[in-house]
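Chemist: Make a model of this:
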Amino acid sequence: GAIDVKKTKELFIKKCETKGITFRDVEQFFPEDITKTLEAFLRIGLTRLSSEPTPSLKQMIEEMRISLTAMFA
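Modeler: Sure, this is the predicted structure:
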């Protein structure tokens, strides 16, 4: 089934509150060094699991940023 974006957002905010985390905006998901952090995992994980070429890490992060921004708008 389809993801209930409103409910997902509500549950995420509630989860943050129970963990003592203040969620301000989606940029919290994307620290400056995220590309460096994820590069190794991309090589040993996602690219290994896909028979199709994967988009660049930069493109994947940008698409995720756009989707999350829309979700939390």
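Chemist: What is the least confident helix or strand in this structure?
Modeler: With mean pLDDT, DSSP states H and E as the measure, the helix or strand of the chain carrying the lowest mean pLDDT is helix 47-49 (a mean of 73).
Chemist: Quick one: residues in contact with that one.
Modeler: Contact with helix 47-49 is made by Thr54, as judged by CB atoms under 8 Å, 6 or more residues apart in numbering. In this view, the C-beta of every residue, glycine as well, is placed from N, C-alpha and C.
Chemist: Could you do stretch 23-36 as well?
Modeler: Under CB under 8 Å, 6+ apart, the answer for stretch 23-36 is Phe12, Ile13, Cys16, Thr37, Leu57, Lys58, Ile61, Met64, Arg65, Leu68, Thr69, Phe72.
Chemist: What distance do you get for the fourth one to Met64?
Modeler: It refers to Thr37. To Met64, Thr37 is 14 Å away according to CB to CB, to the nearest Å.
Chemist: Pick out whichever of those two has more residues nearby.
Modeler: Comparing Thr37 with Met64 by other CB atoms under 10 Å, the one with more neighbours is Met64, at 14 against 10.
Chemist: now the helices: where do they sit in this protein?
Modeler: Using DSSP state H, the helices of the chain run over 5-18, 34-41, 47-49, 57-71.
Chemist: Can you tell me which of these is most buried?
Modeler: Ranked by mean neighbour count under mean count of other CB atoms under 10 Å, the helices of the chain are led by helix 57-71, which reaches a mean of 13.
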